[in-house]
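The following block contains a protein sequence and its predicted model.
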Amino acid sequence: MNWFVSLSFVSSATTTVLSVLGALGGVWLVVSKRRWYVLRALPIGATAAFVIGVVLYYVVEKVWRPFPDPIETEIYVWIGIGLAAVLLVVPRTIAARGVLAKAASVIAAVLVVLAASAHVNLVFSAYPTVGTLFGVEDVDRISIADIPGPQEQVVSGNPTSDAWQPPSSMPSAGKLTSVTIPPTASSFSARQAEIYLPPSYFANPRPLLPVLVLLAGQPGEPDDWLKGGKLAETMDAFARDHGGLAPVVVVADATGSTLANPLCVDSPLGNVATYLSQDVPAWIKQNLQVSTDPRSWIIGGLSYGGTCSIQMATNHPDVYPTFLDLSGQVEPTLGDRTRTVDEAFGGNDAAFVAVNPLDLLKSEQFPNSGGAFVVGADDNDYKPGQQTMYQAAKAAGMDVRYDEVPGGHSFAVWSQGLKLELPWLMKRVGLIS
């Protein structure tokens, strides 16, 4: 069974197989000896799927506009293809003769939907394996109440790795847990945070570890970092190479719901900035035994979360002097500057400028801050903005680096970006040499 859950859902081999099966299923749904099906049911079903797809595109992109950037057209095309299969399965089953032919009609529709889903997933690589698609976790999960309490003796050093000797009793892999971080100061309605604790956190004595606060995108949820982001896999691999040492990772919620876009500021859309700069650090320090030195704290994220990370780094450098911006935008946005200022800042453009990272980088210096910008080499929508932000951060005195990895605006880039920058980040915060 392990081979099945670990089967890649984004490899070229899997995509090719599903595409071929989907094409065969499509042929079965189209071809029939029944005249009424070919002349009436087939064109009606195909037309209905096309119309629904066009309406969906118009509502999402022109009316609702839940996302700051347009969704790729190919996603709507594949949704339309899958929808056509669903609409045709009933009349095609009726038109089929015999039990086997009727079953084949249902199977054909399923294959078309699977192929369409695989191609949609391929755009973002949100589910890299079959296991992630079905929510199967390949890591130990414990209750928040089962996390070992604070120890009197701890290991510290600069770097920590020079003073650390992993005990034989230390587990070989990290553990996950979930918790709702109370919005004491912000009143922000956040979803549960996901927490990764490295093997060394369960050692005695325990090293004082750095903290990495990670943020998902929009649309998204903290769990995205465990699925498409391959968080536990990346952290466990790093820990294996460094005697069990890795950061404590808290994947906090910075949107409040899957589709919400509160812009990572304090506004009528939600007090996200206060939540991330006050509530989240306060809870971590009170409930986890970690380094409380701000120089050991990093904030990072993907897409919306990447934008949010540079927002925190420029608006709250005393809390997060180090950041990881994975495919972030050049500024927080609801789609355009006018709409953003109107809905989140009451039409006050000066209030927006006062918290906008690019404006802060142009007007202030941040000699004690640093971070990494990562973007997909094929991400033509976000790459120019990342390059602009990197140059602005560099000019503002930050210790920054810029990297491109193969791919577009997808988890394939973001998971690789985290893996790529983790050693540099851990050197910066003093965990390794």
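Received it, and whenever you're ready, just let me know what you need.

give me the number of residues near residue 362?
Using other C-beta atoms under 10 Å, residue 362 has 12 other residues around it. Backbone N, C-alpha and C define where each C-beta goes, glycine included.

show me what contacts it?
By C-beta atoms under 8 Å, 6 or more residues apart in numbering, the residues touching residue 362 are 392, 395-396.

Show me which of the residues you listed are buried.
392, 396 (16 or more other C-beta atoms under 10 Å).

Inside helices: which ones of the contacts of residue 362?
Those of the contacts of residue 362 mapping onto helices are 392, 395, per DSSP state H.

and of the contacts of residue 362, the nearest to residue 248?
Residue 248 lies nearest to residue 396 out of those, by C-beta to C-beta, at 28.5 Å.

okay, that closest one: pLDDT?
At residue 396, the model reports a pLDDT of 98.

Equivalent analysis for residue 138, please.
Looking at residue 138, its pLDDT stands at 81.

I'd say it and residue 132 touch.
No: counting by C-beta atoms under 8 Å, residue 138 stays clear of residue 132, with 9.3 Å between them.

ok, and the closest non-adjacent residue to residue 267?
residue 344 (4.2 Å; C-beta to C-beta, 6 or more residues apart in numbering).

And for residue 303?
residue 217 (3.6 Å).

just residue 185 next, same as before
residue 278 (4.5 Å).

count of residues packed around the one you found?
By other C-beta under 10 Å, the residues close to residue 278 number 17.

so how far is residue 242 from it?
Distance, residue 278 to residue 242, using C-beta to C-beta, to the nearest Å: 31 Å.

Show me where this structure has its strands.
Ranges of strands within the chain are 140-141, 154-155, 175-179, 193-197, 206-207, 211-215, 248-252, 266-267, 270-271, 297-302, 322-326, 370-376, 399-405, based on DSSP state E.

Let's have these in CSV, adding distance to residue 92 and mean neighbour count.
What follows is the strands of the chain, written out as CSV (distance: least, C-beta to C-beta, whole Å; neighbours: other C-beta atoms under 10 Å):
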stretch, distance to residue 92, mean neighbour count
strand 140-141, 43, 13
strand 154-155, 66, 16
strand 175-179, 44, 18
strand 193-197, 43, 24
strand 206-207, 62, 22
strand 211-215, 45, 28
strand 248-252, 44, 26
strand 266-267, 51, 20
strand 270-271, 47, 24
strand 297-302, 41, 30
strand 322-326, 44, 31
strand 370-376, 40, 27
strand 399-405, 43, 18
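
Now do the same contact list for residue 317.
366, 368-369.

low pLDDT regions in the chain?
Residue ranges of the chain with pLDDT under 70: 1.

What's the biggest helix in it, counting residues?
From DSSP H, the single longest helix across the chain is helix 99-124.

ok now that one, how far from the chain's centre?
Centroid separation for helix 99-124 versus its chain: 27 Å, with C-alpha atoms, centre = their mean, to the nearest Å.

Return the list of helices and strands in contact with it.
helix 12-30, helix 73-95 (3 or more C-beta pairs under 8 Å, 6 or more residues apart in numbering; DSSP states H and E).

winner for burial among those?
The highest mean neighbour count among those, using mean count of other C-beta atoms under 10 Å, belongs to helix 73-95: a mean of 19.

How about exporting it as PDB, limited to the C-alpha atoms?
Only the C-alpha atoms of helix 73-95 are listed here, as PDB (Å, rounded to 0.1, in the frame of the first residue of the first chain):
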ATOM      1  CA  THR A  73      -7.000  29.800 -18.700                       C
ATOM      2  CA  GLU A  74      -6.000  26.100 -19.000                       C
ATOM      3  CA  ILE A  75      -7.500  25.500 -15.600                       C
ATOM      4  CA  TYR A  76     -10.900  26.600 -16.800                       C
ATOM      5  CA  VAL A  77     -10.500  24.500 -19.900                       C
ATOM      6  CA  TRP A  78      -9.800  21.300 -17.900                       C
ATOM      7  CA  ILE A  79     -12.700  22.100 -15.600                       C
ATOM      8  CA  GLY A  80     -14.900  22.300 -18.600                       C
ATOM      9  CA  ILE A  81     -13.600  19.000 -19.900                       C
ATOM     10  CA  GLY A  82     -14.300  17.300 -16.600                       C
ATOM     11  CA  LEU A  83     -17.700  18.900 -16.300                       C
ATOM     12  CA  ALA A  84     -18.600  17.700 -19.800                       C
ATOM     13  CA  ALA A  85     -17.800  14.100 -18.800                       C
ATOM     14  CA  VAL A  86     -20.000  14.500 -15.700                       C
ATOM     15  CA  LEU A  87     -22.900  15.800 -17.800                       C
ATOM     16  CA  LEU A  88     -22.600  13.100 -20.400                       C
ATOM     17  CA  VAL A  89     -22.300  10.100 -18.100                       C
ATOM     18  CA  VAL A  90     -26.100   9.700 -17.500                       C
ATOM     19  CA  PRO A  91     -27.200   9.800 -21.100                       C
ATOM     20  CA  ARG A  92     -24.200   7.800 -22.200                       C
ATOM     21  CA  THR A  93     -25.100   5.100 -19.600                       C
ATOM     22  CA  ILE A  94     -28.700   5.100 -20.900                       C
ATOM     23  CA  ALA A  95     -27.500   4.800 -24.500                       C
END
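
Which strands or helices does it pack on?
By 3+ C-beta pairs under 8 Å, 6+ apart, helix 73-95 packs against helix 12-30, helix 42-58, helix 99-124.

so which of those helices comes closest to residue 335?
Of the helices and strands packed on helix 73-95, nearest to residue 335 by C-beta to C-beta is helix 42-58, at 15.4 Å.

Would you indicate which residues of that closest one are buried?
Those buried within helix 42-58 under the rule 16+ other C-beta under 10 Å are 42, 45-46, 49, 53, 56-57.

can the residues you listed go into JSON lines with extra columns for distance to residue 351?
Output for the buried residues of helix 42-58, formatted as JSON lines (distance: C-beta to C-beta, whole Å):
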{"residue": "42", "distance to residue 351": "56"}
{"residue": "45", "distance to residue 351": "51"}
{"residue": "46", "distance to residue 351": "50"}
{"residue": "49", "distance to residue 351": "45"}
{"residue": "53", "distance to residue 351": "40"}
{"residue": "56", "distance to residue 351": "35"}
{"residue": "57", "distance to residue 351": "34"}
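
Identify, from these, the entry nearest to residue 253.
Within those, proximity to residue 253 (C-beta to C-beta) peaks at residue 56, which comes in at 27.1 Å.

Tell me who's in contact with the closest one.
76, 79.
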